[in-house]
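>>> Need coordinates for the below:
(one chain, ligands or ions: 1)
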Amino acid sequence: MCGIIGILGENSAVKAFNALKKLDYRGYDSWGIASKEKNEITLFKQTGKLPEILPVKFNSNVSIAHTRWATHGSVTEFNAHPHISSNKKIAAVHNGIIENFEELKESLKEQNYEFYSETDSEVIPNLVQFYMEFEKKDFITAVIRALSKLEGNYAVLFMHEDFNGIIAAKNGSPLVCGIGENEFFFASDVPAFLSHTKKAVYLNDLELAVASNNKIHFFDLKKNKEIQKETKIIEWNLEQAEKGNYAHFMIKEIYEQPETIKLALEQPKEKINEAIELINKAETVFLIGCGTSFNASLTGAYFFSELTKIKAFAFNASEFSALKNSINEKSLIIALTQSGETADLIDAVKFAKEKKSKIISIVNVMGSSITQLSDLNLMMNAGPEICVLSTKSFSSQLTILLLLASAVAGKTSEVKKIILNAANYITELIPIAEKKAEKIAEELKNAESILVIGRKEFYPLAMESALKIKEVSYIHAEGYAGGELKHGPIALIEKDFPVIVLSSEKTRVNTLSNAHEIKSRGAKIIGIDSIENKLFNEFIEVKEFSYANALVSIIPVQLLAYYLALEKGFEPDKPRNLAKSVTVR
Ligand code: AGP
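Predicted coordinates for the structure are as follows:
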């Protein structure tokens, strides 16, 4: 999604431009910057990717910048941010969607305001101008008035030609403040300013910050009063946010999993106890998420059914409101999300809160929108996941779900040991599986479609495997429950049709009978199991880790997806059409 950055301090334009590059993983199709020199704002905007260096020179200590992932309006310079008010005095960058922008735009047009873009965001600086001109409000008050008229999500930064500072406000989209030495940063995400400071203040929804004259103040827009905010020290070092010596973030984050699985295990005891209390008190537990986080939710439902008597069901967050008659104060929602900003998930959680349900989030980004909506946040501790594809966040989510189910079952120490052993084994598995994956990717690179099958928790694993392959290699892939093939999909099977078979001791007998069915119709089978079988044309061995098998068996497929992308000459970290955090519905 869009990336925003604002910098108050010397050399602000170059710093803002470089900060945008740290946000480019969020996906974008145009970019822009606004800087204030003396009492004049100058804009520079371009479609396409960020160039090596900032193409213009600004001598300014106030700059805001933006990478745009188009929602309202096509990819043009006019639609790129920053947007400027009709009187050219106020510039703003915005991430989110203003749902009532048409009516605001119409009423401003009636006041002879002129618009140059198709975007919703352009109404924001013009609304501020309106309140400064017609209600004679000062800049800060006018911003607050304008924000009160917006319906929808925003993370927005403002500058005014006569104001030596930046105003920042958040409601539903990510925004974090960096506190430097004689400089302030506002950004969608921490990597944007991590090279300058590790001190961060996380704005909550409907909070506003004003940085000027080397000071920063915070306001609660609901209570309309100044508030104090805690400065946190970011544990991520810059290296974590950078690629290190890996060719891509995707392979780096796959390799990080042994470490991040262990970090996911580090849940404060009191938080696990609070979670168990909520789970045991609930009549029904709903695990919800989108994309990979939904696949993790479904895997978690299998964990709960395997280890406990808890009624736990997984549901796509984007479809969750369909359950309107089943959600109530006795429901517990476990919301899974790496970014904490997925609009479909936030909507689902807000819907559940209206029904008086309790919310536990399993989330990776501290201070993200979902953390402010939840009764309890279990942090994934996975460090920044820069690749658009979720890999380490998937295994971190599974780890925490397995931890919760085992805690309910009173098997925490037993299962924790299994997970730790699995994590240590993954360290040795990755390089071995990587070589096999590279070879198999060469064989499969021209496949038109790939099926992945598994049973029990390997069924959502098959779905996650297919999602990885689709997302990064653009080869059509589908994940099926092994038993489902004979109910239709087997019609697809013909000579050399590739099928990845995920199985383990627990599911092998029935899964291999599915493998027989497809083998007899000519399928080319890639087996991922702890023992080889003559049905397999290719085989990647994974050891058995009981409840934690899912954590291990996903690794070879993540690697296969990565090498399929490379075989096809695609960029694994930023697949086409995708964004890291989907903050639109
Ligand atoms: C998975 O590889 C994708 N990046 C996507 O499906 C993602 O899992 C989904 O958009 C949910 O994102 P979240 O975990 O940040 O909520």
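>>> ok, the nearest residue to Asn424 once chain neighbours are set aside to Lys436 distance?
Of all residues not flanking Asn424 in the chain, Pro258 sits nearest, at 6.6 Å (CB to CB, 6 or more residues apart in numbering). Glycine gets a C-beta too; all of them are placed from N, C-alpha and C. Separation of Pro258 from Lys436 (CB to CB, to the nearest Å): 18 Å.
>>> before we move on, what about Phe134?
For Phe134, the distance to Lys436 - CB to CB - is 68 Å.
>>> between the two, who's got more neighbours?
Between Phe134 and Lys436, counted using other CB atoms under 10 Å, the more crowded position is Lys436 (19 against 10).
>>> A helix includes the residue nearest to Asn424, no?
Yes. Assessed with DSSP: H, G, I helix; E, B strand; the rest coil, Pro258 lies in a helix.
>>> check contacts around it.
Ala423, Asn424, Ile426, Thr427, Ile430 (CB atoms under 8 Å, 6 or more residues apart in numbering).
>>> tell me which element the fourth one falls in.
It stands for Thr427. helix 412-444 (DSSP states H and E).
>>> For that helix, enumerate the helices and strands it packs against.
helix 257-265, helix 392-408, strand 538-541, helix 549-567 (3 or more CB pairs under 8 Å, 6 or more residues apart in numbering; DSSP states H and E).
>>> one step back: list buried members of the contacts of Pro258 by neighbour count.
Among the contacts of Pro258, those classed as buried by 16 or more other CB atoms under 10 Å are Ala423, Ile426, Ile430.
>>> related to what we said a few turns ago, distance to Pro268 and pLDDT for the contacts of Pro258 - can I get that in CSV?
Formatted as CSV, these follow (distance: CB to CB, whole Å; pLDDT from 0 to 100):
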residue, distance to Pro268, pLDDT
Ala423, 19, 94
Asn424, 23, 92
Ile426, 24, 97
Thr427, 26, 92
Ile430, 29, 97
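>>> As TSV, those with distance to Gly178 would be great.
Shown next, in TSV, are these (distance: CB to CB, whole Å):
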residue	distance to Gly178
Ala423	32
Asn424	36
Ile426	34
Thr427	34
Ile430	34
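>>> so where's this protein shaky on pLDDT?
Across the chain, the ranges flagged by pLDDT under 70 are 1, 25-27, 70-72, 239, 241, 244-245.
>>> what's whichever residue of it sits closest to the ligand in contact with, if anything?
Proximity of the chain to the ligand (CB to the nearest ligand atom) peaks at Gly291, 1.8 Å away. Applying CB under 8 Å, 6+ apart, we find Gly291 in contact with Ser390, Leu467, Val582.
>>> out of the residues you listed, which is most surrounded?
Ser390 (28 neighbours).
>>> That residue reaches Gln338, doesn't it?
Yes. With contacts counted by CB atoms under 8 Å, Ser390 reaches Gln338, the gap being 5.5 Å.
>>> Report the set of residues contacting both of those two.
In contact with both Ser390 and Gln338: Thr292, Ser293, using CB under 8 Å, 6+ apart.
>>> Which positions in the chain make contact with the ligand?
Contact residues, the chain versus the ligand (CB under 6 Å from any ligand atom): 290-293, 337-339, 342, 345, 388-390, 471, 581-582.
>>> Enumerate the positions of stretch 382-392 that are buried.
Ala382, Gly383, Pro384, Glu385, Ile386, Cys387, Val388, Leu389, Ser390, Thr391, Lys392.
>>> What residues does the closest residue to the fifth one other than its chain neighbours make contact with?
Just to be clear, that refers to Ile386. Spatial nearest neighbour of Ile386, excluding adjacent residues (CB to CB, 6+ apart): Phe249 at 4.1 Å. When contacts are counted by CB under 8 Å, 6+ apart, Phe249 touches Tyr25, Lys243, Glu385, Ile386, Cys387, Pro572, Asp573.
>>> Among those, which lie within helices?
When the contacts of Phe249 are checked against helices (DSSP state H), there are no matches.
>>> from those, which single one is nearest Leu150?
Leu150 lies nearest to Tyr25 out of the contacts of Phe249, by CB to CB, at 27.2 Å.
>>> before we move on, back to that, which of the contacts of Gly291 fall within helices?
Leu467.
>>> Please give the element, helix or strand, for the closest residue to Ile53 other than its chain neighbours.
Using CB to CB, 6+ apart and skipping residues adjacent in sequence, the residue nearest Ile53 is Phe17, 7.7 Å away. Under the criterion of DSSP H and E, Phe17 resides in helix 12-22.
>>> which helices and strands sit right next to that helix?
Secondary-structure packing of helix 12-22 (3+ CB pairs under 8 Å, 6+ apart): strand 3-8, strand 30-37, strand 62-68.
>>> so who does the spatially most central residue of the chain touch?
The centroid of the chain falls nearest to Ser339 when counting by CA atoms, centre = their mean (3.2 Å). By CB under 8 Å, 6+ apart, the contact set of Ser339 is Pro174, Val363, Asn364, Val365, Ser368, Lys580, Ser581.
>>> So Phe304 sits against Ala409, correct?
No. Using CB under 8 Å, Phe304 is not in contact with Ala409; the gap is 9.1 Å.
>>> the more surrounded of those two?
Neighbour count, other CB under 10 Å: between Phe304 and Ala409, Phe304 has more, with 24 against 18.
>>> Are we agreed that that one is in a strand?
No. Phe304 is assigned helix when assessed by three-state DSSP, not a strand.
>>> what's the spacing between it and Leu332?
11 Å.
>>> ok, now His476?
Distance from His476 to Leu332, by CB to CB: 36 Å.
>>> These two: which has the busier surroundings?
Leu332 (24 against 13).
>>> bridging residues for the more buried one?
Note on Leu332: beta-bridge partners by DSSP bridges are Val285, Lys358.
>>> residues touching it, list them.
Leu278, Ile279, Lys281, Ala282, Thr284, Val285, Phe286, Ser357, Lys358, Ile359, Ile360.
>>> By neighbour count, sort out the buried ones in those.
Leu278, Ile279, Ala282, Thr284, Val285, Phe286, Ser357, Lys358, Ile359, Ile360.
>>> Spatially nearest residue to the third one, not counting backbone neighbours?
What it means is Ala282. Closest to Ala282 by CB to CB, 6+ apart is Leu332, at 3.5 Å.
>>> my guess is Ser117 meets Asn79, correct?
Yes. Counting by CB under 8 Å, Ser117 does reach Asn79; the two are 4.8 Å apart.
>>> Can you pull the residues that touch both of the two?
By CB under 8 Å, 6+ apart, the residues touching both Ser117 and Asn79 are Gly73.
>>> The two: which is more packed in?
Taking other CB under 10 Å, Ser117 and Asn79 do not tie; Asn79 has more neighbours (24 against 17).
>>> Please tell me how far the more buried one sits from Arg68.
Applying CB to CB to Asn79 and Arg68 gives a distance of 7 Å.
>>> what touches both of the two?
With CB under 8 Å, 6+ apart, Asn79 and Arg68 have common neighbours Ser30.
>>> what's the spacing between the spatially closest residue to Asn549 that is not a sequence neighbour and Asp347?
Nearest residue to Asn549 in three dimensions, chain neighbours excluded: Ser504, at 4.8 Å (CB to CB, 6+ apart). For Ser504, the distance to Asp347 (CB to CB) stands at 36 Å.
>>> ok, these two, which is more surrounded?
Ser504 (25 against 16).
>>> Contact partners for that one?
Counted by CB under 8 Å, 6+ apart, Ser504 has contacts Phe458, Asp529, Ser530, Glu544, Asn549, Ser553.
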